[in-house]
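Trainee: Everything below, folded, please.
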Amino acid sequence: MFRKKKRPGAEISSSGLADISFLLLLFFLVTTTIDVDTGIDLVLPPWVENAEQVQVKSENIANLLVNEVGDVLLDEKIIGIPQIKPEIISRIKANPKLIISYKTVRDTPYSIYITVMDQLKLAYQDLRDEYSREKFGITTDQADDEQIQEIRKAIPQRISLAEPTQAEG
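Mentor: The predicted structure is shown next:
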């Protein structure tokens, strides 16, 4: 009888596999963008040598505290996050020299910290828009650089960020 000859199995040459892998890796490294903008965009005031300390009257300070579970206290009274903006607007209208002292504990969730900070900034933005409409008849996003400087001078953003403390308990 006739025997079937065994054919050698088909092989795929792997000699170029390392080159192809390297080229793919290089392609993805070159074309991938990495987002490095993390954190909070805060502009700090310039450093002043030998700055004199000024005493601030207690009626010109609004203490805003946030604990580790997200409870917000405005001058030792619990307030909901959505009520921060209208409350701050009414307080600044009543006292234009008001400084908001914003303090948290170290275990405060980052999302709550940002949400409260956004409420404070929105309050100032609304006040600046109102001033701009009364003074120039336009909103701040329509104002030119000179008008924006005047608006910022008239409604300065006075938020003091206090150092976080350890949670008590």
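
Trainee: show me where this protein has strands.
Mentor: 61-66, 72-74, 77-79, 99-104, 159-161 (DSSP state E).

Trainee: any chance of these in JSON lines, with mean pLDDT and distance to Ala10 too?
Mentor: Any C-beta I mention is one placed from the backbone N, CA and C, and that applies to glycine too. Shown next, in JSON lines, are those (pLDDT from 0 to 100; distance: least, C-beta to C-beta, whole Å):
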{"stretch": "strand 61-66", "mean pLDDT": "90", "distance to Ala10": "68"}
{"stretch": "strand 72-74", "mean pLDDT": "89", "distance to Ala10": "70"}
{"stretch": "strand 77-79", "mean pLDDT": "91", "distance to Ala10": "75"}
{"stretch": "strand 99-104", "mean pLDDT": "90", "distance to Ala10": "67"}
{"stretch": "strand 159-161", "mean pLDDT": "87", "distance to Ala10": "69"}
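
Trainee: Out of the ones you listed, which gets nearest to Ala143?
Mentor: Smallest distance to Ala143 across those (C-beta to C-beta): 21.6 Å, for strand 159-161.

Trainee: so who does the residue lying closest to Ala62 once chain neighbours are set aside touch?
Mentor: Spatial nearest neighbour of Ala62, excluding adjacent residues (C-beta to C-beta, 6 or more residues apart in numbering): Ile100 at 5.0 Å. Shown in contact with Ile100 (C-beta atoms under 8 Å, 6 or more residues apart in numbering): 61-62, 64, 88, 120, 158-160.

Trainee: re the thing from before, any chance of the strands of the chain in a markdown table with distance to Tyr131 as columns?
Mentor: Shown next, in a markdown table, are these (distance: least, C-beta to C-beta, whole Å):
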| stretch | distance to Tyr131 |
| --- | --- |
| strand 61-66 | 20 |
| strand 72-74 | 23 |
| strand 77-79 | 25 |
| strand 99-104 | 18 |
| strand 159-161 | 18 |
